[in-house]
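Asks: model this:
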Amino acid sequence: MCGIFGASGEIIHIINKHESGAKLLSHRGPHNEGIWSDDNVQLELSRLAIIDPSENANQPFELFPGKILIFNGEIYNFQELKKEWLDDDESSFTKSDTEILYRGLCKYGLNCLKKLNGMFSFAFYDKSKNKIFFARDRSGIKPFYYYHNNHDFVFASEQKAIANYIGWNTNFERLSEYAVFRHISGEETLLKDIFELEPGFAGEFNVITGELKKWNWNELNQTRNEHKMDLDYLDSILNDAVKRHLISDAPLGIQLSGGIDSAILSHYVSKNIQSQINSFTIKFPNSKFDESIQSKEIAEKFNFIHHEINFTEEDFVNYWKKSIQFFDEPIHHFHTLPLFKLYEFCKKYVTVILTGEGADEVFLGYKHHEEILSYENSKQLRNFGKFLDFKTIQNFFNFSINNTEEESFGRKTIFSEKCMKKGEIGISNYEFFTHLKSLLNRIDKMSMANSIEARTPYLDNNLIDFAMKQISQNLIKQNADGNFVRKVPLKNIYQKNIGKLNTSEKIGFHVPYDEWIQNSDTLRNFCVEILEQSQNFNELNLIEVKKLKIKLLSNNQLDSNEEKAAWVLCNYILWKIFPRLKKIDESDFKFLYELLQNKKNIQNISHNKMPTYEEHVKFILQEPYTNWYIITSVFGKIGAVYLSKNNEIGINIFEKYDSYLIKEAVFQQVIEKNSSKTFSVNINPKNHQMKDFLEKFNFRLKLSFDKSKKIFPEDTYELKLE
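Replies: Predicted coordinates for the structure are as follows:
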């Protein structure tokens with residue numbers, strides 16, 4: 001598992017003036033950073049070592065001159081492919097799946113894709129052909145983002161590694177679709193000019209001509225024509241799938257939900273691993289949605305070392321701020337936040353974790369499957385997954401570009417028409433590439449934010465192929481009383497291997513957001529704090545936003561639409577205002593000079609006058625003040641911060657964008673860039689807000705004011721991390 005980054009064209013010169021792509025993705029792979037470049041291409045990778053952690057398996061990977069691979073993911077059937085793809089007289093250089101993928105690409109090109117059983121996104125540069133070949137796994141478990149403009153081509157595992165160089169620009173044309181559905185269909189994202197390669201797609205980029213081609217290398221099963229379900233065969237391929245997903249040279253654990261999906265995984269895990277492993281579950285104290293008791297029972301049954309991670313409304317607020325830093329777009333789903341905390345906790349014990357994601361999509365386990373399979377037209381299908389209706393959203397957004405309900409469906413209109421022509425299997429395909437894609441995105445981003453590899457055995461090729469061939473009646477049945485039994489094959493497997501089913505309805509991974517937004521002052525006040533930042537947003541109807549803010553401040557109950565609107569609006573605003581640090585370069589010197597002039601924070605103490613621009617440049621380059629970062633957001637450059645070699649932190653933000661929220665996020669990011677436990681923060685003596693802000697961190701504060709040691713005439717607080 002890794003973070004991949006690559007570029008071709010003149011943009012490489014811009015990239016090399018900034019922090020490297022691999023460095024921006026270092027949270028995805030803290031074990032090694034690699035770079036390969038020639039006159040036309042630059043390839044970078046941050047590695048999380050899972051299979052064959054030796055240096056020989058580091059990337060970029062090049063066995064044969066001029067053929068270079070960077071690869072994110074796992075090829076679970078690499079051991080079988082090794083026997084098939086290596087000649088009798090060939091020996092492998094490593095024990096990694098990276099090498100096997102590399103050899104397959106060298107021998108068969110992208111024709112090898114259909115042989116791969118795994119999760120992956122990769123780029124393979126063939127210098128002799130002047131082309132970069134790239135692909136994404138068929139379910140879309142691993143992401144691949146890209147930017148293309150004439151001869152410039154940039155790609156990465158996360159949008160931030162591209163936006164850092166081309167800018168964080170809002171894609172207003174897709175704003176209404178995000179607001180209605182919480183995610184965007186097709187290749188577009190909410191970041192303008194940054195696209196997401198669709199699941200099961202591949203492509204090639206010619207580094208000489210700048211031509212980009214893409215195509216679908218995988219089509220899911222076209223018809224449901226299997227009338228007789230073979231339970232023994234399903235039992236066998238489930239066991240094989242889990243066994244493949246257990247291949248790891250790093251510690252491995254399992255995420256439990258309390259339902260049959262994770263219980264079945266637990267059965268096969270215990271069958272294939274003799275040693276005790278760690279299991280993890282989220283607990284919602286005092287909530288009707290808590291299913292940690294069921295998870296604990298599963299863990300005890302299979303003798304796991306079990307961990308419960310409490311998640312409260314205070315956690316919801318704290319991890320909302322943490323999660324947005326890694327999401328790069330407004331967050332889609334409520335359970336994104338507890339997942340971040342779960343993976344953060346897991347990191348203490350494991351590097352790999354198995355999850356039950358995908359089981360409901362593959363085996364028709366959701367409540368909505370009782371209705372969706374009977375849809376008669378594409379308009380019904382394209383409405384699937386709506387979070388809010390367009391009229392509600394219209395009250396809060398000024399849609400100057402997307403101002404009709406029809407436009408809010410985005411690519412869903414065309415895609416739903418195409419899928420409806422295929423009947424039931426088309427409806428399943430639609431769910432796979434809209435709803436499931438958004439769920440997999442949040443798992444990837446939240447797990448990799450904590451250097452955790454999340455694996456999804458239910459999305460194994462053989463399991464998907466098996467389930468997609470079944471007629472729907474084999475997967476979901478309606479009893480004589482009119483009630484439905486969903487996920488029939490897995491329930492049969494549970495009864496065969498584990499025991500009697502619990503007849504109570506499974507809640508699912510439901511976060512009690514609706515409870516907290518109605519009853520928790522902590523969450524309501526945080527939403528108000530976010531909504532107060534809306535004054536810089538021309539695309540928002542500030543009158544309606546103010547009404548919602550007033551209602552949140554009162555004890556009045558919100559209706560269902562207001563609850564949802566608060567989530568959508570706050571995520572959008574938090575995403576846009578969230579500050580990101582960019583290493584300063586020469587192009588930022590003028591901005592920094594104007595910023596410090598504006599803040600009246602650049603006076604030379606000895607001369608008591610504003611320095612010239614030349615003196616300013618000389619100053620910012622001198623030791624120990626060389627670690628300057630520009631603070632950017634979707635609004636552009638909004639401030640600057642320095643971290644000196646003496647661990648002094650100086651933050652300057654334009655007043656228009658200044659707030660507790662912004663300072664807190666900047667401060668936390670600076671701390672993450674430094675391993676020290678003690679920092680000094682320069683603040684204006686009259687800035688009581690900043691003093692209050694620092695106290696919010698629960699740090700011990702020590703006032704130490706000495707003009708002779710400071711460039712700026714300000715108080716200095718020494719902060720020691722508790």
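
Asks: Name all residues that make contact with the nearest residue to Asp126 once chain neighbours are set aside.
Replies: Computed as C-beta to C-beta, 6 or more residues apart in numbering, the closest residue to Asp126 that is not its neighbour in sequence is Lys67, at 5.6 Å. In short, each C-beta sits where N, CA and C put it, glycine included. Neighbouring residues of Lys67 by C-beta atoms under 8 Å, 6 or more residues apart in numbering: 102, 105-106, 124-128.

Asks: got any ranges where the protein has weak pLDDT?
Replies: 400-403, 503-508, 599-611, 619-620, 622-626, 676-678, 682-722 (pLDDT under 70).

Asks: need the longest helix for it.
Replies: helix 560-577 (DSSP state H).

Asks: so how far is whatever helix or strand comes next after that one from its chain's centroid?
Replies: Sequence-wise, the next helix or strand downstream of helix 560-577 (DSSP states H and E) is strand 580-583. From the chain centre to the centre of strand 580-583 is a distance of 19 Å (C-alpha atoms, centre = their mean, to the nearest Å).

Asks: C-terminal to strand 580-583, what's the next element?
Replies: helix 589-598.

Asks: Tell me the buried residues in that next one?
Replies: 589, 592-593, 595-596 (16 or more other C-beta atoms under 10 Å).

Asks: what about the most centrally placed residue in the chain, distance to Ile331?
Replies: Geometric centre of the chain, nearest residue: Lys445, 2.3 Å, by C-alpha atoms, centre = their mean. Using C-beta to C-beta, to the nearest Å, one gets 9 Å for the distance from Lys445 to Ile331.

Asks: which stretches of the stretch 401-550 of the chain form strands?
Replies: Using DSSP state E, counting those that start in this stretch, the strands assigned to the stretch 401-550 of the chain run over residues 453-455, 477-478, 484-485.

Asks: Now tell me what touches the longest one from outside.
Replies: If you take C-beta under 8 Å, 6+ apart as the criterion, strand 453-455 is touched by 1, 48, 50, 74, 119, 245, 250, 255, 343, 351-355, 357, 443-444, 447.

Asks: try it again with 6 Å
Replies: 1, 50, 245, 352-355, 443, 447 (C-beta atoms under 6 Å, 6 or more residues apart in numbering).

Asks: Mind checking which of those residues are in strands?
Replies: The strands, defined by DSSP state E, take in 352-354 from the contacts of strand 453-455.

Asks: Ranking by neighbours, what's the top pick from those?
Replies: When neighbours are taken as other C-beta atoms under 10 Å, the top entry among the ones in strands among the contacts of strand 453-455 is Leu354 (27 neighbours).

Asks: now that residue, nearest residue through space, not along the chain?
Replies: Ile254 (4.6 Å).

Asks: Show me the beta-bridge partners of the one you found.
Replies: Ser279, Leu354 (DSSP bridges).

Asks: after the helix or strand where Thr632 lies, next one along is what?
Replies: Assigned by DSSP H and E, Thr632 belongs to strand 628-633. Remark: after strand 628-633, the chain's next helix or strand is strand 636-643, criterion DSSP H and E.

Asks: C-alpha coordinates for whichever helix or strand comes after that following strand, PDB please?
Replies: Using DSSP H and E, the helix or strand that follows strand 636-643 in sequence is strand 648-653. Provided in PDB are the C-alpha atoms of strand 648-653 (Å, rounded to 0.1, in the frame of the first residue of the first chain):
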ATOM      1  CA  GLU A 648       9.200  29.300  17.200                       C
ATOM      2  CA  ILE A 649       5.900  29.400  15.300                       C
ATOM      3  CA  GLY A 650       4.700  32.700  13.800                       C
ATOM      4  CA  ILE A 651       1.200  32.800  12.200                       C
ATOM      5  CA  ASN A 652       0.000  35.600  10.000                       C
ATOM      6  CA  ILE A 653      -3.500  35.400   8.300                       C
END
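
Asks: Show me which residues of stretch 297-311 are buried.
Replies: Neighbour count says stretch 297-311 has 298-299, 302, 304, 306-309, 311 buried, by 16+ other C-beta under 10 Å.

Asks: Break the chain into its domains for me.
Replies: For the chain, automatic domain parsing gives the domain ranges 2-159+194-216, 513-577, 580-720.

Asks: what's the offset of the first one from the middle of its chain?
Replies: What it means is domain 2-159+194-216. 19 Å.

Asks: That domain: end-to-end distance?
Replies: With C-alpha to C-alpha, to the nearest Å as the measure, domain 2-159+194-216 spans 24 Å from end to end.

Asks: Could you do stretch 332-341 as well?
Replies: Start-to-end, stretch 332-341 (C-alpha to C-alpha) is 17 Å.

Asks: Centre of the chain to that stretch, how far?
Replies: 10 Å.

Asks: before we move on, the earlier item: got JSON lines for the buried residues of helix 589-598, with distance to Gln159 too?
Replies: Output for the buried residues of helix 589-598, formatted as JSON lines (distance: C-beta to C-beta, whole Å):
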{"residue": "Phe589", "distance to Gln159": "27"}
{"residue": "Leu592", "distance to Gln159": "26"}
{"residue": "Tyr593", "distance to Gln159": "30"}
{"residue": "Leu595", "distance to Gln159": "26"}
{"residue": "Leu596", "distance to Gln159": "30"}
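
Asks: and of these, the nearest to Gly410?
Replies: Gly410 has its nearest neighbour among these in Leu595, at 37.7 Å by C-beta to C-beta.

Asks: For the closest residue to Leu439 other than its chain neighbours, the count of nearby residues, please.
Replies: In space, and not counting its chain neighbours, Leu439 is closest to Glu357: 6.3 Å by C-beta to C-beta, 6+ apart. Using other C-beta under 10 Å, Glu357 has 24 neighbouring residues.

Asks: Just confirm Glu357 is within a helix.
Replies: No: according to DSSP: H, G, I helix; E, B strand; the rest coil, the state of Glu357 is coil, so it is not within a helix.

Asks: So it is in contact with Thr456, correct?
Replies: Yes: Glu357 sits in contact with Thr456 when judged by C-beta atoms under 6 Å, with a separation of 4.8 Å.

Asks: Where strands are concerned, which of the contacts of Lys67 count?
Replies: 124-126.

Asks: between these, which is nearest Gly423?
Replies: For these, the nearest to Gly423 is Phe124 (36.6 Å; C-beta to C-beta).

Asks: which residues does that closest one bridge with?
Replies: In this entry, Phe124 is beta-bridged to Leu69, Phe133, by DSSP bridges.

Asks: Quick check: the gap between it and Ala22.
Replies: 18 Å.

Asks: For the residue nearest to the centre of the chain, which residues are in contact?
Replies: 326-327.

Asks: Skipping its backbone neighbours, what lies nearest Leu467 in space?
Replies: Actually, residue 467 is Ala rather than Leu. Val362 (4.6 Å).

Asks: what's around that neighbour, how many residues?
Replies: For Val362, using other C-beta under 10 Å, the count is 25.

Asks: so it makes contact with Met468?
Replies: No: the criterion here is C-beta under 6 Å, and Val362 misses it with Met468 at 7.7 Å.

Asks: next one: phi and psi at Tyr108?
Replies: Per-residue torsions, Tyr108: phi -120, psi -10 (degrees, to the nearest 10).

Asks: Pull the contacting residues for it.
Replies: Applying C-beta under 6 Å, 6+ apart, no residues contact Tyr108.

Asks: For it, give its distance to Trp217.
Replies: 13 Å.

Asks: and Glu204, how many residues sit next to it?
Replies: Glu204, neighbours per other C-beta under 10 Å, totals 19.

Asks: ugh, wrong one, Asp585
Replies: Count around Asp585 with other C-beta under 10 Å applied: 14.
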